[in-house]
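In: Quick one, what's the 3D model for this:
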Amino acid sequence: MGEVEDATGKPIFPHDAVMFETTTGGAQHGHGRGLVLKALPDKRMISVLCVDGTEVEKKPCELTVVDRTILRLGMPVMSASDTGGQAGVITGVTTVLDLVDLNDEHTVVATGVSPEEVCTVKELELGDYVVSGTWLGRDNFLPGDRVAGDSSVFKASRWLRGHWKPDRCEGTVAKVGLVGVLVYWVASLHASADPPPAYQPNPRDLTFFCSGDVYRMWFWLVSQRCFFRSQHRRQTKKVRRWRRTRRMRRPPDRRELERPMAVADTRTTVDVLWQDGTRQQGVPSASLLRVLVQNPQDFLPGQRVVSKAVVSRHHNNNNNNNNVPRRVGIVQSLSYKDQTVYVSWITDHQDPAGESSSEVDTTVMSTYDLRRSSDHNFFYGDIVVRQLPRESTGGNTEHTINDLSWVGHIVGLCDTEYIHVKWGDGNTSKVLLGEIALVKPRRIEDMRNEMGDWVHDETMMMPLKTGRKRTSTMAVKLITIL
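Out: This next block holds a predicted model:
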């Protein structure tokens, strides 16, 4: 779809936030925001999802791309104004949201909101990463859908507007509350600690870390439904009403603050580490394009590489020599014009006494003489957890309850000695590779198969067959209806 261009000549992609003129009765009266869904078959029209949930068709020349929120940490990108130039990798993402009332897009609830302050209408989504004590784990009727049924179905639901009546047989799902969740525990701060029970009857006791969806982990979309995560945050936001009729502003009441909201606008900037080693901060997302296809020579700073010649010699050597020093390189920069790479080589040595040491030297090599190291399969944005020494795992762990200082994302890889990690509490620090463990992503289906089937009997969750009691599904009980 990238071959379709907006009014300024920028390519349009699915999930782009776009601006367009709005009209009433043929008269222009402002600018609207929407989310690009797809190009229609003849590519002369674009399907756009508006803030209120309606879909409209627009000509590409009627749209202007204002934000590209699908960009995420670790994604290869290039400049939209220099598509034949060098590539880069995203090392930081900053997004702020403007929120409006779900039922009235002219009622602005808050502007400049951080995504960490809001959650989707379901408190937890399938596959989300959650923390309980010193363990990290991963935990369908869809919110936002219109639902219909016999009026008795909705009698026990909480109505945000009006109240239940026998003739009300249709409503909109605004929020789904959870009775309990099943969690597949994937990693721990303490290597020898036993995991918590798989079934967690009080989901609010779990601390949300990040989404399990590699893309939803980083971006929010125009028209997406949400709530503030904390009551305190709701109470600190002022509600401003945009009305054509004059009226005095009034302080929001609790009922208004608890109403579901919709994302009306997004503003995303990213930090980029380019192939030539330069760093650029606060780059507008709409000025970048994803690099969808990379050839084997498109190295990025921070990637671990090995020499093809050395690998070949070791492969052909029939003598198993364990004393051969291990040598891995870290890409520092690349010249995409002459295809040369500036590499910092780290050679590990081990003396007879068992002490290890390393030395670093730098060389310039052809990209065609290198390949990525299969022993260092990590990159920017990957989830890691601290690993305490085994002698420290038997102590009291009460201080770590709901603490996110031990689980984070990789944000820096060019250091020859340390990995840079941004932890869940917002702090960034340098750690040795041996001090962290990589949390490898797993498919939901695989975790479910490992767990087996469970059944909810209104009082507890029980497995139907013997299996490892870790999975990623949830029991839904409370449904809020509009």
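In: For stretch 19-35, measure first residue to last.
Out: Using CA to CA, to the nearest Å, the end-to-end distance of stretch 19-35 comes to 9 Å.
In: switch to numbering from 31
Out: Shifting the count to begin at 31 puts that one at stretch 49-65.
In: what ranges do the strands span in the stretch 231-380 of the chain?
Out: 237-240, 255-258, 270-271, 291-304, 309-314, 318-320, 334-337, 356-365, 370-380 (DSSP state E, counting those that start in this stretch).
In: In terms of mean pLDDT, which of these ranks lowest?
Out: Lowest mean pLDDT within those: strand 270-271, a mean of 42.
In: show me the contacts for the nearest residue to Arg401 once chain neighbours are set aside.
Out: Closest residue in space to Arg401, ignoring its immediate chain neighbours: Lys338 at 5.6 Å, by CB to CB, 6 or more residues apart in numbering. For the C-beta atoms, the positions are set from N, CA and C on the backbone; glycine is no exception. Neighbouring residues of Lys338 by CB atoms under 8 Å, 6 or more residues apart in numbering: Asp399, Leu400, Arg401.
In: Could I get the pLDDT score of Lys338?
Out: pLDDT, read off for Lys338, is 86.
In: any idea how far it lies from Ser317?
Out: Distance, Lys338 to Ser317, using CB to CB, to the nearest Å: 36 Å.
In: Same check on Ser365?
Out: Distance from Ser365 to Ser317, by CB to CB: 23 Å.
In: same deal with Asn407?
Out: Counting by CB to CB, the gap from Asn407 to Ser317 is 31 Å.
In: Look at those two and report which has more neighbours.
Out: Using other CB atoms under 10 Å as the criterion, Asn407 and Ser317 rank with Ser317 on top: 15 against 11.
In: give me every residue that touches the spatially closest residue to that one that is not a sequence neighbour.
Out: Take Ser317 and drop its neighbours on the chain: the residue closest to it by CB to CB, 6+ apart is Ala110, 5.4 Å away. Applying CB under 8 Å, 6+ apart, we find Ala110 in contact with Lys40, Pro41, Ala316, Ser317, Leu318, Leu319.
In: for the stretch 381-512 of the chain, what spans make up the helices?
Out: Assigned by DSSP state H, counting those that start in this stretch, the helices in the stretch 381-512 of the chain fall at 474-481.
In: If the closest residue to Gly312 other than its chain neighbours is in a bridge, with which residues?
Out: Using CB to CB, 6+ apart and skipping the chain neighbours, the partner closest in space to Gly312 is Thr299 (4.7 Å). Beta-bridge partners of Thr299, counted by DSSP bridges, are Thr124, Pro314.
In: Pull the number of nearby residues for Thr299.
Out: For Thr299, the neighbour count with other CB under 10 Å is 18.
In: In strands, which of the contacts of Lys338 appear?
Out: Mapping the contacts of Lys338 onto strands (DSSP state E) picks out Leu400, Arg401.
In: could you dump the contacts of Lys338 to JSON lines with neighbour count?
Out: Listed next are those as JSON lines, based on neighbours: other CB atoms under 10 Å:
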{"residue": "Asp399", "neighbour count": "15"}
{"residue": "Leu400", "neighbour count": "22"}
{"residue": "Arg401", "neighbour count": "15"}
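In: Using the record's assignment, carve this protein into domains.
Out: For the chain, the structural domains run 31-97, 334-402, going by automatic domain parsing.
In: out of those, nearest to Trp165?
Out: Smallest distance to Trp165 across those (CB to CB): 29.0 Å, for domain 334-402.
In: Between the two ends of the closest one, what distance do you get?
Out: End-to-end distance (CA to CA), domain 334-402: 6 Å.
In: What of stretch 75-83?
Out: End to end - CA to CA - stretch 75-83 spans 18 Å.
In: Mind listing what's buried along it?
Out: Met75, Ile76, Ser77, Val78, Leu79, Cys80, Val81 (16 or more other CB atoms under 10 Å).
In: The residues you listed in strands, which ones?
Out: Among the buried residues of stretch 75-83, DSSP E puts Ile76, Ser77, Val78, Leu79, Cys80 in strands.
In: Now render the residues you listed as TSV, adding pLDDT.
Out: What follows is those, written out as TSV (pLDDT from 0 to 100):
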residue	pLDDT
Ile76	93
Ser77	93
Val78	94
Leu79	93
Cys80	91
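In: quick one: which of those is nearest Ile474?
Out: So of those, ranked by how close each gets to Ile474 (CB to CB), first place is Leu79, at 25.7 Å.
In: for the closest one, what are its contacts?
Out: So Leu79 contacts Gly64, Leu65, Val66, Leu67, Glu85, Val252, Ser253 (CB under 8 Å, 6+ apart).
In: Who are the contact partners of the spatially closest residue to it that is not a sequence neighbour?
Out: Distances taken as CB to CB, 6+ apart place Leu65 nearest to Leu79, at 4.4 Å, with adjacent residues excluded. Residues counted as contacts of Leu65 (CB under 8 Å, 6+ apart) are His45, Asp46, Ala47, Val48, Val78, Leu79, Leu251, Val252, Ser253.
In: Assign the fourth one to helix, strand or coil.
Out: Using DSSP: H, G, I helix; E, B strand; the rest coil, the secondary structure recorded for Val48 is strand.
In: what about it, how many neighbours?
Out: 25.
In: same question, the first one
Out: When counting by other CB under 10 Å, one arrives at 16 neighbours for His45.
In: Would you mind pointing out the helix or strand it falls in?
Out: Using DSSP states H and E, His45 falls within no helix or strand.
In: Tell me how far it lies from Val361.
Out: Per CB to CB, His45 is found 30 Å from Val361.
In: do the same with the second one
Out: To Val361, Asp46 is 31 Å away according to CB to CB.
In: more crowded one of these two?
Out: For Asp46 versus Val361, neighbours defined as other CB under 10 Å are more numerous around Asp46 (28 against 23).
In: any idea which helix or strand carries the closest residue to the more buried one other than its chain neighbours?
Out: For Asp46, ignoring the flanking residues on the chain, the nearest one in space by CB to CB, 6+ apart is Val66 at 4.5 Å. Using DSSP H and E, Val66 sits in strand 57-69.
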